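>>> let's see this in three dimensions:
(chains A and B)
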Amino acid sequence: MSEPTPVWAVVALPLVLAALAYSAAALDTAFRAGGGPAAPLREGVRLIVQQRRRTLAPDVLLMRIGVISLPTAALLAATVIPLGDTSVWDLPVSVVWFNAMEVVAWGSLWLTGWGVNSAFPLIGGYRFLAQGLAYELPHMFALITAGLGAGSLDFGDVAAAQDDLWFVVWMPVAFAVYLLSALAMTFWGPLDHPVADDLAGGVAAELSGPDRLLFFAGRFALLTVAAAAAVPLFLGGGAGPWLPDWAWSLIKTCAVLAFLVWVRQRFPVIRMDRFMTAAWMVLIPATLLQTLVVGIVVVN
Amino acid sequence: MQTVAFWILAVGAVGFGVAVFVVDSMARATFALLASFLCVGVELLLLDLDYLGVLVILMMIMEMLIMAVFMIMYMMNPGGLMPMTMVHNHRGAIAISVAVFAALVAGIFRTPWPARRGTVPADPTFAVGEAIMGPKMLVMMVIGIAILATMIASVVLATDRGRYDRPSGGKGGAK
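Next up, the predicted model:
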């Protein structure tokens, strides 16, 4: 991985990310509304040509920054995730970078909710911040556990450390917590409180036209990146028989992504105060214990 | 290339820092400050301090977003609907800050900087940590864990009886 990044990887990254995010959107539509594979495309075109709805005295600059930063953060996070064993940006602490870009979503949601100057979006934005630590801490500990098992914070090294045994086998708690908190970090499915129906759409309530398109495309992209990161972290990266390793990375990413999309139509939105209690009382201690177990194994 | 990036980021960091005191909305001030910190974080990446740089970016985003809640909550004009200003004692503050800035810059130029001895270590973050903490590393690590435990414990205690909580003493508080 020390050789310079091939040009095709830089070109391919946004395309692959967009294709996967589109597939997730199509799958979600199929699950929930029964639409065909072209349904997200139709919706996207409709949003592009739709005239923007304006609220009274919005802070347009902050709102635009919020909306645009969501897909941007997803793309920046994707640069460090290896496909096979090639990543666009060969950063030695890529796991931390990935986490930092996920946290950008806090800012995106708050800025969007604040910027449109409307009550429900504002509440949605504050919801995400208030819940943020309860989402982020278990997430972070799950990431750290995988990093500890490999002795490195580099996705490539973490994937390489799973040649014998995938981390999902001996760190099941960390994997489960990762998936659960990934749902929360991408405000998806049972944890979509910032854009939930009880807030009439929350942060996205006043978004229309291209803003709305970018916002939800960004959310799908973020979900895709979270699914893609699970592959080198817990599922052995590109390891697999017969096929080349990039193909295995893609297959595993699609499987995790499909699971995350499926979760949305299978489970109702959970009450966020209960999740918060559970996050602090159950998830954080559980991940800490998992880290301890992994630490003991590594030291031995 | 690196020099150009350095200067762009340096000017950006200072510019966003100035913007904090110029804009008339607390939300904009908060995020101008965040942008300034992010410029500094990328500067650290330019210095090959990967871990420190990425950590600054991660922590500053989280910290400033939590800060945003408090900054807006305590501001006299949270909504930004009326003109507001971030400065008090305007003239005095400008005089003091210009004097401090001039003193610091003079210090930078007047310090006899030593020439580099040796080469860049393989892991600069590790080397910086060892140079700063050295033999006290164990103490620092224990303190770090103690602080984390304190934070988690205090939050757990604080969430005992929230607005939406079940009455305490009920069965299975976590569920």
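>>> elements contacting the worst-scoring helix or strand of chain A on mean pLDDT?
When each helix and strand of chain A is scored by mean pLDDT, DSSP states H and E, helix A:272-278 comes last, with a mean of 82. Helices and strands touching helix A:272-278, by 3 or more Cβ pairs under 8 Å, 6 or more residues apart in numbering or on different chains; DSSP states H and E, are helix A:119-150. Where you see a C-beta, it was placed from the backbone N, CA and C, and this is true even at glycine.
>>> and the least confident helix or strand of chain A, what's buried?
Neighbour counts over helix A:272-278 (16 or more other Cβ atoms under 10 Å in any protein chain shown) mark A:Met272, A:Phe275, A:Met276, A:Thr277, A:Ala278 as buried.
>>> same question for stretch A:258-269.
A:Leu260, A:Val261, A:Val263, A:Arg264.
>>> any figure for the gap between B:Met67 and A:Ala221?
Distance, B:Met67 to A:Ala221, using Cβ to Cβ, to the nearest Å: 27 Å.
>>> what sits against the residue nearest to B:Ala68 when sequence neighbours are not counted?
Counting by Cβ to Cβ, 6 or more residues apart in numbering or on different chains, B:Ala68 lies nearest to B:Thr30, which is 4.4 Å off, once chain neighbours are set aside. For B:Thr30, the contacting residues are B:Met64, B:Met67, B:Ala68, B:Met71, B:Ile72, by Cβ atoms under 8 Å, 6 or more residues apart in numbering or on different chains.
>>> tally of neighbours for the second one?
So the one you mean is B:Met67. 14 (other Cβ atoms under 10 Å in any protein chain shown).
>>> secondary structure element for it?
helix B:50-74 (DSSP states H and E).
>>> following element in sequence after that helix, please.
helix B:90-110.
>>> buried stuff in whichever helix or strand comes after that next one?
Following helix B:90-110 in sequence order, the next helix or strand is helix B:124-133 (DSSP H and E). Buried residues in helix B:124-133, counted by 16+ other Cβ under 10 Å: B:Pro124, B:Thr125.
>>> and helix B:124-133 with helix B:50-74, angle?
On the basis of axes from the mean of the first three to the mean of the last three Cα atoms, to 10 degrees, helix B:124-133 is oriented at 70 degrees to helix B:50-74.
>>> give me the contacts around the helix or strand following helix B:124-133.
Of the helices and strands lying after helix B:124-133 in sequence (DSSP H and E), the nearest is helix B:137-158. If you take Cβ under 8 Å, 6+ apart as the criterion, helix B:137-158 is touched by A:Leu133, A:Leu137, A:Trp280, A:Met281, A:Ile284, B:Gly129, B:Glu130, B:Met133.
>>> give me the residue from chain B nearest chain A.
B:Leu58 (3.7 Å; Cβ to the nearest Cβ).
>>> among the contacts of helix B:137-158, which two are most distant?
Pairwise distances across the contacts of helix B:137-158 peak at 37.2 Å for A:Met281 and B:Glu130 (criterion: Cβ to Cβ).
>>> just the element for the closest residue to chain B within chain A, please.
Closest contact between chain A and chain B, by Cβ to the nearest Cβ, is at A:Ala100 (3.7 Å). Taking DSSP H and E as the definition, one finds A:Ala100 inside helix A:94-115.
>>> what about the closest residue to B:Met67 other than its chain neighbours, distance to B:Met60?
Spatial nearest neighbour of B:Met67, chain neighbours left out: B:Thr30 (6.4 Å); criterion: Cβ to Cβ, 6+ apart. Using Cβ to Cβ, B:Thr30 is found at 11 Å from B:Met60.
>>> likewise for A:Gly218?
Relative to B:Met60, A:Gly218 is positioned 21 Å away (criterion: Cβ to Cβ).
>>> what does A:Phe128 give?
As judged by Cβ to Cβ, A:Phe128 and B:Met60 stand 18 Å apart.
>>> neighbour-wise, which of those two wins?
Neighbour count, other Cβ under 10 Å: between A:Phe128 and B:Met60, A:Phe128 has more, with 26 against 21.
>>> ok, now which ones touch the spatially closest residue to that one that is not a sequence neighbour?
Residue nearest to A:Phe128 in three dimensions, not counting chain neighbours: A:Pro194, with 4.2 Å by Cβ to Cβ, 6+ apart. With contact taken as Cβ under 8 Å, 6+ apart, A:Pro194 is in contact with A:Leu109, A:Gly113, A:Gly124, A:Gly125, A:Arg127, A:Phe128, A:Phe187, A:Gly202, A:Val203.
>>> on that earlier part again, ok so the residue nearest to B:Met67 is a helix residue?
Yes. Under DSSP: H, G, I helix; E, B strand; the rest coil, B:Thr30 sits within a helix.
>>> roughly how far does it sit from B:Arg91?
From B:Thr30 to B:Arg91 the distance is 25 Å (Cβ to Cβ).
>>> next SSE downstream of the least confident helix or strand of chain A?
helix A:284-299.
>>> are that following helix and chain B in contact anywhere?
Yes. Looking at helix A:284-299 against chain B by Cβ under 8 Å from any Cβ of the partner chain, the contacts come from A:Ile284.
>>> pull the residues that contact the lowest-mean-pLDDT helix or strand in chain B.
Counting by mean pLDDT, DSSP H and E, chain B has its least confident helix or strand at helix B:124-133, which shows a mean of 82. Helix B:124-133 is contacted by residues B:Leu47, B:Asp48, B:Leu49, B:Asp50, B:Tyr51, B:Leu52, B:Pro121, B:Met137, B:Met140 when judged by Cβ under 8 Å, 6+ apart.
>>> so how many other residues sit close to the fourth one?
The burial metric for B:Asp50, expressed as a neighbour count using other Cβ under 10 Å, is 21.
>>> check the last one too.
B:Met140: 13 surrounding residues under other Cβ under 10 Å.
>>> what's the pLDDT at it?
Predicted confidence (pLDDT) at B:Met140: the value is 86.
>>> distance check, it against B:Ala146.
Counting by Cβ to Cβ - B:Met140 and B:Ala146 are separated by 11 Å.
>>> do the same with the fourth one
Plainly put, B:Asp50 is 27 Å away from B:Ala146 if you go by Cβ to Cβ.
>>> repeat for the second one
As judged by Cβ to Cβ, B:Asp48 and B:Ala146 stand 31 Å apart.
>>> and these two? Which one has more around it.
Using other Cβ under 10 Å, the more surrounded residue of B:Asp48 and B:Ala146 is B:Asp48, with 14 against 10.
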